[in-house]
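Novice: Make a model of this:
(chains A and B)
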There are 2 protein chains.
Amino acid sequence: MLAAEIHHRTEDFRRVYKTVLEDLRCLFGTSSSDVLLFSASGTGAMEAAVSNLFCRHDRVLCVTAGKFGERWVELAGSFGLCPIVLEAPYGDTVPAARVAEALGRDAGIRGVLVQATESSTGVAHDIEGMAAAVRATEALLIVDAITGLGTSVLDIDGWGIDVLIGGSQKALMAPPGLAFLSVSTRAWARARASDLPHYYFDLRKEKKSAGQGEAAYTPATALVLALAESLRYIREIGRENLISNAQLLARATRAAVQALGLELFAAASPSAALTAVRPPAGVDSGVIVKQFRERFGAVVANGQGSMKGQLFRIAHLGYFDFPDLFATIASLEIILRDLGRPVELGAGVRAAQQVYLEAQAAS
Amino acid sequence: MLAAEIHHRTEDFRRVYKTVLEDLRCLFGTSSSDVLLFSASGTGAMEAAVSNLFCRHDRVLCVTAGKFGERWVELAGSFGLCPIVLEAPYGDTVPAARVAEALGRDAGIRGVLVQATESSTGVAHDIEGMAAAVRATEALLIVDAITGLGTSVLDIDGWGIDVLIGGSQKALMAPPGLAFLSVSTRAWARARASDLPHYYFDLRKEKKSAGQGEAAYTPATALVLALAESLRYIREIGRENLISNAQLLARATRAAVQALGLELFAAASPSAALTAVRPPAGVDSGVIVKQFRERFGAVVANGQGSMKGQLFRIAHLGYFDFPDLFATIASLEIILRDLGRPVELGAGVRAAQQVYLEAQAAS
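Specialist: Model (predicted):
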């Protein structure tokens, strides 16, 4: 791996780094916010938002509909903020109206922290609606879009998203290890007033270095080079197509699993990044996940934490395409059949094929 | 890059992750401390030590002999500690006796933060001497060995080093982006009492996950796989040989540049990881660095910050070997000659060759 490396304090690397930041800004689709990068998992950028933009004892709304929402609550608490939790049961979402209501009750709320896509349960939040509610207040809107970026439309400038967070894995198709976030003018103003400790995740320091084509600390150069390639590819196909591909695959996945008599775990507001499916009654989803892995070499995720055994999650983002989906559904059909379920082989695949053909006809 | 990836929540990856942690522990050479890994630059692990092991207003000794020592001072200040600075001029080191003296004056000092190797100036600190001074006190000894690990002997258990910090690049020969640190029993006791905020860099959470072969947050899987290969190679050649190779190359480099009439920047306590050299009088070291890059495609580093133009740094660690050194010195001879210096071509190379041959004869 090192053979393909570039030393980080060279003009060659600075050129790549600048291009990556510019391409990220295009992918984020913002002309008014800065986009910065950290060598860390996505959670690092979530921490950067919390530790750079708030003050001790600030009240923040944490909108939570699953494991990653709970991460916001933990993070805010760790840094001495006062999290006010707006919770939805797993599989549901928190409607924008509840956010508006909470903001209306308390004019002192300084931030709204939410997931665009809660990947533990496969739901998508109404970020546009929440942004409309936040805009008139003093709160910053901070959106974890680690699985949302490149799978859903998130209009930073048009809706007013102060911080949008992404990661190098998921729809960005590079290995994990890089996190990035956009920072609005409103957020920068808040950064100047923050009294929370931060050092590695320092937005202002990172912005200053970015201006010189560098990272504040030695960046994960190999991952930056891989990300540069992914971003070049996304630029080539167009970010709209990256998003609509995920959306179309999501639709086809839902049609397929429903054709097989399975229920969606998140029926009301399913995400385009992944589809969470309930196993047949009496079956532990872990059995399905295990068979996918052992018989077909496919990674389909089990539920996490208290959801373990109760759902399985099919991802369909980034380079994932229809043939991958056909293969996944055909494998699922065999697994269900061998579990003794009444399955018409090919019925799920057919439902996915029909979505594909309709989309082809319409285009 | 993604083609060679493994999903991080799989048995395959857990196996690799566990092996990496075990191999790191062998490389660190400790049987009493835990070794943990973060997906971040080395600075991330430095932050982890500060934000997990101290309390607000704790007094800590920051031993600084260059840019990375100054990073300890900044980090401690960022997290609300009270740094007491023991400083040496660039090119010198802080003797262990000064640390002992400072600890003797103030029994309330809770930590000593130091670099094993200060790579901005190429010096090595007397960690063994400092450990002896720290052992009898309440202070934790925290050693940044990002360039020291694999280039110098650092006896965690024997000397009593509470935290030793390393990174995936440098002597570990993998790309940057992973940081690791050892945590002693004494340090764990302190972690339980810490009141400083931390979330991404959470030692206790990371230890708990490591026990299950996982990282607390999505790790930089591609880098972990690369590191696994490096560690396998180090295990094969033996960590003692990795260290003695760097030490021998350092000796040869010093002999070579002195044979060319150049002065060492850090003559008193030079590190084995890199050699800092003063340019000839009246020459900006940037000119030498630039010629190395443009004429020979070699990365030799300039001085940083206020040292820019005043020194150049030749690294000789990890996979760096004698042929690399011969090439570097021969290139340097040409650069010096073309700068109008009286240079006998081959004289520097010959000095390096003699060190090589003497070592061969002795082995």
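
Novice: List, one by one, the residues from the stretch 101-250 of chain A near chain B.
Specialist: A:167, A:169, A:173-177, A:196-201, A:215, A:217-223, A:226, A:229 (C-beta under 8 Å from any C-beta of the partner chain). To be clear about C-beta, it is placed using only N, CA and C from the backbone, and glycine gets the same treatment.

Novice: Among those residues, name the buried ones.
Specialist: A:167, A:169, A:173-177, A:196-201, A:215, A:217-223, A:226 (16 or more other C-beta atoms under 10 Å in any protein chain shown).

Novice: Give me the domain ranges for chain A.
Specialist: Using automatic domain parsing, the domains assigned to chain A come out as A:2-237, A:239-362.

Novice: Find the nearest non-adjacent residue to the closest residue to chain B within the stretch 201-350 of chain A, please.
Specialist: In the stretch 201-350 of chain A, the residue that lies nearest chain B is A:Ala220 (2.8 Å; C-beta to the nearest C-beta). Spatial nearest neighbour of A:Ala220, chain neighbours left out: B:Gly177 (2.8 Å); criterion: C-beta to C-beta, 6 or more residues apart in numbering or on different chains.

Novice: mind listing what the residue in the stretch 51-200 of chain A that chain B sits nearest to touches?
Specialist: Across the stretch 51-200 of chain A, no residue is closer to chain B than A:Gly177, which sits at 2.8 Å (C-beta to the nearest C-beta). Taking C-beta atoms under 8 Å, 6 or more residues apart in numbering or on different chains, we find A:Gly177 in contact with A:39-41, A:168, A:220, A:223, B:39, B:177, B:219-223.

Novice: Just these: which are in strands?
Specialist: Counted as lying in strands by DSSP state E, out of the contacts of A:Gly177, are A:Ser39, B:Ser39.

Novice: which among the contacts of A:Gly177 gets closest to B:Arg295?
Specialist: Using C-beta to C-beta, A:Ala220 comes nearest to B:Arg295 of these, at 29.5 Å.

Novice: and A:Gly213, how many residues sit next to it?
Specialist: 16 (other C-beta atoms under 10 Å in any protein chain shown).

Novice: what does A:Gly286 give?
Specialist: When neighbours are defined as other C-beta under 10 Å, A:Gly286 has 15 of them.

Novice: Confirm that it sits in a helix.
Specialist: Yes: remark: A:Gly286 belongs to a helix, assigned using DSSP: H, G, I helix; E, B strand; the rest coil.

Novice: Wait, it touches A:Lys308, no?
Specialist: Yes: if you go by C-beta atoms under 8 Å, A:Gly286 and A:Lys308 touch, sitting 6.9 Å apart.

Novice: between the two, what contacts are shared?
Specialist: Counting by C-beta under 8 Å, 6+ apart, the common neighbours of A:Gly286 and A:Lys308 are A:Asn302.

Novice: Any chance of the backbone angles for the spatially most central residue of chain A?
Specialist: Among the residues of chain A, the one closest to the centroid is A:Thr147, at 1.8 Å (C-alpha atoms, centre = their mean). Dihedral pair for A:Thr147: phi -100, psi -10, per degrees, to the nearest 10.

Novice: you'd agree it is up against A:Ser120?
Specialist: No: contact between A:Thr147 and A:Ser120 fails when scored by C-beta under 8 Å: they sit 10.0 Å apart.

Novice: Please convert the domains of chain A to a markdown table, extending it with mean pLDDT.
Specialist: Converted to a markdown table, these look like this (pLDDT from 0 to 100):
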| stretch | mean pLDDT |
| --- | --- |
| domain A:2-237 | 95 |
| domain A:239-362 | 94 |
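
Novice: any idea how far A:Ala171 lies from A:Tyr233?
Specialist: 12 Å (C-beta to C-beta, to the nearest Å).

Novice: what does A:Cys82 give?
Specialist: Taking C-beta to C-beta, one finds A:Cys82 at 43 Å from A:Tyr233.

Novice: can you check A:Val20 too?
Specialist: Taken as C-beta to C-beta, the span from A:Val20 to A:Tyr233 is 13 Å.

Novice: between these two, who's got more neighbours?
Specialist: Of the pair A:Val20 and A:Tyr233, A:Val20 is the one with more neighbours under other C-beta under 10 Å, namely 25 against 14.

Novice: quick one, helices of the stretch 1-150 of chain A?
Specialist: A:11-28, A:42-53, A:67-78, A:96-105, A:127-135 (DSSP state H, counting those that start in this stretch).

Novice: ditto for the stretch 201-350 of chain A
Specialist: A:203-210, A:221-237, A:239-259, A:285-296, A:322-338, A:347-362.

Novice: Dump those into JSON lines; add distance to B:Gly318 as well.
Specialist: As requested, the helices of the stretch 201-350 of chain A are exported to JSON lines (distance: least, C-beta to C-beta, whole Å):
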{"stretch": "helix A:203-210", "distance to B:Gly318": "26"}
{"stretch": "helix A:221-237", "distance to B:Gly318": "15"}
{"stretch": "helix A:239-259", "distance to B:Gly318": "38"}
{"stretch": "helix A:285-296", "distance to B:Gly318": "36"}
{"stretch": "helix A:322-338", "distance to B:Gly318": "39"}
{"stretch": "helix A:347-362", "distance to B:Gly318": "50"}
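
Novice: who are the neighbours in contact with A:Val123?
Specialist: A:Ala65, A:Gly66, A:Gly91, A:Asp92, A:Thr93, A:Thr117, A:Ala266, A:Ala268, A:Ser269, A:Pro270, A:Ser271, A:Ala276.

Novice: if you set the cut-off to 6 Å instead, what comes out?
Specialist: Applying C-beta atoms under 6 Å, 6 or more residues apart in numbering or on different chains to A:Val123 gives the contacts A:Ala65, A:Thr93, A:Ala266, A:Ser269, A:Ser271.

Novice: Go ahead and confirm A:Leu345 touches A:Glu333.
Specialist: Yes: judged on C-beta atoms under 6 Å, A:Leu345 makes contact with A:Glu333 at a distance of 5.3 Å.

Novice: In terms of packing, which of those two has more residues around it?
Specialist: Per other C-beta under 10 Å, whichever of A:Leu345 and A:Glu333 has more neighbours is A:Glu333, with 21 against 11.

Novice: Stretch A:35-55 and chain B in contact?
Specialist: Yes: residues of stretch A:35-55 contacting chain B under C-beta under 6 Å from any C-beta of the partner chain: A:Ser39, A:Ala40, A:Ser41, A:Thr43, A:Gly44, A:Glu47.

Novice: Dump stretch A:18-38 to PDB, restricted to CA.
Specialist: This file holds the C-alpha atoms of stretch A:18-38, laid out as PDB (Å, rounded to 0.1, in the frame of the first residue of the first chain):
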ATOM      1  CA  LYS A  18      -7.200  20.600  -2.600                       C
ATOM      2  CA  THR A  19      -9.000  18.700  -5.400                       C
ATOM      3  CA  VAL A  20     -10.500  16.400  -2.800                       C
ATOM      4  CA  LEU A  21     -11.800  19.300  -0.800                       C
ATOM      5  CA  GLU A  22     -13.200  21.000  -3.900                       C
ATOM      6  CA  ASP A  23     -14.800  17.800  -5.100                       C
ATOM      7  CA  LEU A  24     -16.300  17.200  -1.700                       C
ATOM      8  CA  ARG A  25     -17.800  20.700  -1.800                       C
ATOM      9  CA  CYS A  26     -19.400  19.900  -5.200                       C
ATOM     10  CA  LEU A  27     -20.800  16.600  -3.800                       C
ATOM     11  CA  PHE A  28     -22.100  18.400  -0.700                       C
ATOM     12  CA  GLY A  29     -23.600  20.900  -3.200                       C
ATOM     13  CA  THR A  30     -22.800  24.100  -1.200                       C
ATOM     14  CA  SER A  31     -21.300  27.300  -2.400                       C
ATOM     15  CA  SER A  32     -21.700  29.200   0.900                       C
ATOM     16  CA  SER A  33     -20.300  26.700   3.400                       C
ATOM     17  CA  ASP A  34     -16.700  25.400   3.900                       C
ATOM     18  CA  VAL A  35     -16.100  21.700   3.700                       C
ATOM     19  CA  LEU A  36     -13.300  20.300   5.900                       C
ATOM     20  CA  LEU A  37     -11.800  16.800   6.300                       C
ATOM     21  CA  PHE A  38     -10.500  14.800   9.300                       C
END
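
Novice: Thanks again, I'm all set now.
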